[in-house]
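Undergrad: Could you look at this predicted model? Sequence included:
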Amino acid sequence: MIGPAFVVGSWQFGPGALTAAVQAGSGYGYALIWVIVACNLLMLAFADMSIRIGIVSGNTLISITKQYCGALVAKLSGVGLFIITLMFSVGNAVGSGLGLSLLFGGSVIWWSLACTALVACVLLARRLYRAIEKALLAIVATMAVSFVITAFLSGPEWSAAGGGVIPSLPAGAGLLIVAMVGTNFSMNAAFFAGYAGRERGLTREAYRRTTLVDTIPGIVAPGLMTILVLITAATVLEGGGADASFGDLAGVLEPIAGEAGRIIFALGFFGAAFSSMLANATAGATVLADTFDWAKDVSALPVRMGILGILAFGATVTVIAGSNPVQLIIIAQALTVLIKPLLGVVLVYLANNSALMGTMRNAWWQNALGVCGVLLVVATSVHLAMNLY
């Protein structure tokens with residue numbers, strides 16, 4: 001039953017999403033819940049477009065982009081997605097190091113390097129990765145359940161939380177909102193959903209069932225989890241400020257488990273980061289190989305070199321700019337929005353192409369969501385570019 005949307009959802013719910021949600025809750029209470037709700041709705045629309053394109057074409061999205069949009073647009077899209085995975089690799093490297101640093105002490109940077117080296121070794125032993133991944137997913141699931149329970153036991157003001165779905169722009173929250181869009185509206189993950197759907201051999205006949213048992217729950221579940229993380233942080237760390245330290249972030253589970261809550265959070269944070277390091281790197285390297293017509297199999301040398309390059313980038317940036325690891329995660333996630341407008345426009349265009357999509361082309365309401373999604377990433381890109389300038 002688990003298909004491409006669950007792959008997309010698990011990619012979303014990583015260290016970047018956790019960090020941004022906790023900082024949003026601790027710094028601005030419930031005011032930014034609307035960002036997650038909006039992003040989740042848009043993720044549904046764009047992941048669905050990508051899956052439908054993969055179903056009707058029977059080919060990779062980069063190949064379809066070459067055919068209908070031209071080689072230049074396809075190359076820009078593939079390289080852009082690769083760059084986004086580079087940004088995500090920073091959050092994964094820092095997140096894994098943060099989790100182990102809280103558990104065992106020591107330097108975040110050295111732990112990040114150790115985790116990166118371990119992932120590179122696991123790459124050469126795929127069976128070992130499958131065993132490690134199961135343990136890591138169990139750890140993340142434990143943290144997720146803890147957040148659910150804590151969200152209710154910590155006594156949040158549910159009426160105030162409900163008011164958080166009304167859009168507002170608190171002073172000083174600009175970069176954090178951009179980072180939340182970067183993690184919760186993961187255009188690169190939506191784009192890659194078409195690849196995942198193709199690998200699973202989805203057909204037109206299975207589309208409706210896939211939507212009900214995979215696309216909707218696979219995208220909505222991590223969105224709901226992220227909202228609960230924000231609500232928990234707003235209740236437990238209210239007034240902590242949006243620049244809360246990692247020690248503050250780890251305290252959000254203390255109401256349910258005391259000191260053990262910090263251990264659960266640290267383990268879960270590490271699990272979310274470590275388990276997504278290889279998935280993120282593999283996706284980026286695969287799409288890059290597809291873009292330039294290199295061998296696309298994971299065992300092929302170009303893909304392996306791409307994976308190692310992505311991992312090395314994350315580790316290098318962590319070493320160079322790792323003095324404030326939590327802020328580094330936020331900045332890395334925010335930078336991804338600069339590239340997402342192109343991926344969004346490509347998906348909307350392909351999903352509306354009658355020659356390609358036939359009866360599975362976008363409906364009017366899907367186009368409405370598509371336009372809203374493109375406008376959102378354009379607006380956040382402009383905001384970030386203006387601040388960087």
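TA: Received it, and whenever you're ready, just let me know what you need.

Undergrad: For the rest of this, base every contact and every neighbour count on C-alpha atoms.
TA: Fine.

Undergrad: Now for this structure, the helix or strand with the poorest mean pLDDT.
TA: One helix or strand of the chain scores below all others by mean pLDDT, DSSP states H and E: helix 246-250, with a mean of 63.

Undergrad: Next up, the contacts around Leu228.
TA: 147-148, 151 (CA atoms under 8 Å, 6 or more residues apart in numbering).

Undergrad: typed the wrong thing, it's Val287
TA: Per CA under 8 Å, 6+ apart, neighbours of Val287: 62, 78, 81-82.

Undergrad: What is the nearest of the residues you listed to Gly9?
TA: Leu81 (17.0 Å; CA to CA).

Undergrad: nearest residue to Asn353 other than its sequence neighbours?
TA: Ranked by CA to CA, 6 or more residues apart in numbering and with sequence neighbours excluded, the top spatial neighbour of Asn353 is Arg361, at 6.8 Å.

Undergrad: let me fix that: Gly223
TA: Asn40 (5.8 Å).

Undergrad: quick revisit: and the residue nearest to Asn353, how many neighbours?
TA: Residues lying near Arg361 (other CA atoms under 10 Å) number 22.

Undergrad: Give me the number of neighbouring residues for Ala260.
TA: Look at Ala260: counted by other CA under 10 Å, it has 13 neighbours.

Undergrad: From what I see, it and Glu254 are in contact.
TA: Yes: in this structure, Ala260 is within contact of Glu254 by CA atoms under 8 Å, at 7.3 Å.

Undergrad: so what's in contact with the two at the same time?
TA: With CA under 8 Å, 6+ apart, Ala260 and Glu254 have no common neighbours.

Undergrad: circling back: switch the contacts of Leu228 over to CSV; also include neighbour count, pLDDT and distance to Ser186.
TA: Output for the contacts of Leu228, formatted as CSV (neighbours: other CA atoms under 10 Å; pLDDT from 0 to 100; distance: CA to CA, whole Å):
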residue, neighbour count, pLDDT, distance to Ser186
Phe147, 25, 71, 22
Val148, 18, 77, 23
Ala151, 25, 75, 25
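
Undergrad: just those residues now: which is nearest Val181?
TA: Phe147 (21.4 Å).

Undergrad: Look up how far Thr60 lies from Ile53.
TA: According to CA to CA, to the nearest Å, Ile53 stands 9 Å off from Thr60.

Undergrad: Show me which of the two is the more surrounded one.
TA: Each of Ile53 and Thr60 has its neighbours counted (other CA under 10 Å); Ile53 has more, 30 against 21.

Undergrad: Distance of that one relative to Val317?
TA: 35 Å.

Undergrad: coming back round to it: just the closest of the contacts of Val287 to Val346, please.
TA: Once CA to CA is applied, the member of the contacts of Val287 that ends up nearest Val346 is Ile62, at 10.1 Å.

Undergrad: separation between the nearest residue to that closest one once chain neighbours are set aside and Val374?
TA: Closest residue in space to Ile62, ignoring its immediate chain neighbours: Ala74 at 5.7 Å, by CA to CA, 6+ apart. When CA to CA is the yardstick, Ala74 and Val374 sit 18 Å from each other.

Undergrad: which one of those two has more residues nearby?
TA: Neighbour count, other CA under 10 Å: between Ala74 and Val374, Ala74 has more, with 24 against 20.

Undergrad: export the helix or strand that contains Thr226 as PDB, just CAs?
TA: In this assignment (DSSP states H and E), Thr226 forms part of helix 216-236. Extracted as PDB, the C-alpha positions of helix 216-236 are listed here (Å, rounded to 0.1, in the frame of the first residue of the first chain):
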ATOM      1  CA  ILE A 216      -3.600  11.700   0.500                       C
ATOM      2  CA  PRO A 217      -2.400   9.800   3.600                       C
ATOM      3  CA  GLY A 218       1.300   9.900   2.500                       C
ATOM      4  CA  ILE A 219       1.300  13.700   2.200                       C
ATOM      5  CA  VAL A 220      -1.200  14.600   5.000                       C
ATOM      6  CA  ALA A 221       0.400  12.500   7.700                       C
ATOM      7  CA  PRO A 222       3.700  14.300   7.900                       C
ATOM      8  CA  GLY A 223       1.900  17.600   7.700                       C
ATOM      9  CA  LEU A 224      -0.300  16.800  10.700                       C
ATOM     10  CA  MET A 225       2.800  15.600  12.600                       C
ATOM     11  CA  THR A 226       4.600  18.900  11.800                       C
ATOM     12  CA  ILE A 227       1.600  20.900  13.100                       C
ATOM     13  CA  LEU A 228       1.600  18.800  16.300                       C
ATOM     14  CA  VAL A 229       5.300  19.600  16.700                       C
ATOM     15  CA  LEU A 230       4.600  23.300  16.400                       C
ATOM     16  CA  ILE A 231       1.700  23.100  18.800                       C
ATOM     17  CA  THR A 232       3.900  21.200  21.400                       C
ATOM     18  CA  ALA A 233       6.700  23.700  21.000                       C
ATOM     19  CA  ALA A 234       4.300  26.700  21.400                       C
ATOM     20  CA  THR A 235       2.900  25.200  24.600                       C
ATOM     21  CA  VAL A 236       6.100  24.000  26.200                       C
END
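
Undergrad: circling back: now, among the contacts of Leu228, which is nearest to Gly29?
TA: Nearest member of the contacts of Leu228 to Gly29, counting by CA to CA, is Ala151, at 13.4 Å.

Undergrad: that older thread, so which bits of the helix holding Thr226 are buried?
TA: Within helix 216-236, the residues that count as buried by 16 or more other CA atoms under 10 Å are 216-220, 222-223, 225-236.

Undergrad: And for stretch 50-60?
TA: Neighbour-count burial for stretch 50-60 [16+ other CA under 10 Å]: 50-56, 58, 60.

Undergrad: Kindly present those as JSON lines, with separate columns for distance to Ala138 and pLDDT.
TA: Below are these laid out as JSON lines (distance: CA to CA, whole Å; pLDDT from 0 to 100):
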{"residue": "Ser50", "distance to Ala138": "29", "pLDDT": "92"}
{"residue": "Ile51", "distance to Ala138": "28", "pLDDT": "90"}
{"residue": "Arg52", "distance to Ala138": "31", "pLDDT": "93"}
{"residue": "Ile53", "distance to Ala138": "33", "pLDDT": "93"}
{"residue": "Gly54", "distance to Ala138": "31", "pLDDT": "89"}
{"residue": "Ile55", "distance to Ala138": "31", "pLDDT": "89"}
{"residue": "Val56", "distance to Ala138": "35", "pLDDT": "90"}
{"residue": "Gly58", "distance to Ala138": "34", "pLDDT": "83"}
{"residue": "Thr60", "distance to Ala138": "32", "pLDDT": "87"}
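
Undergrad: Thanks a lot, see you next time.
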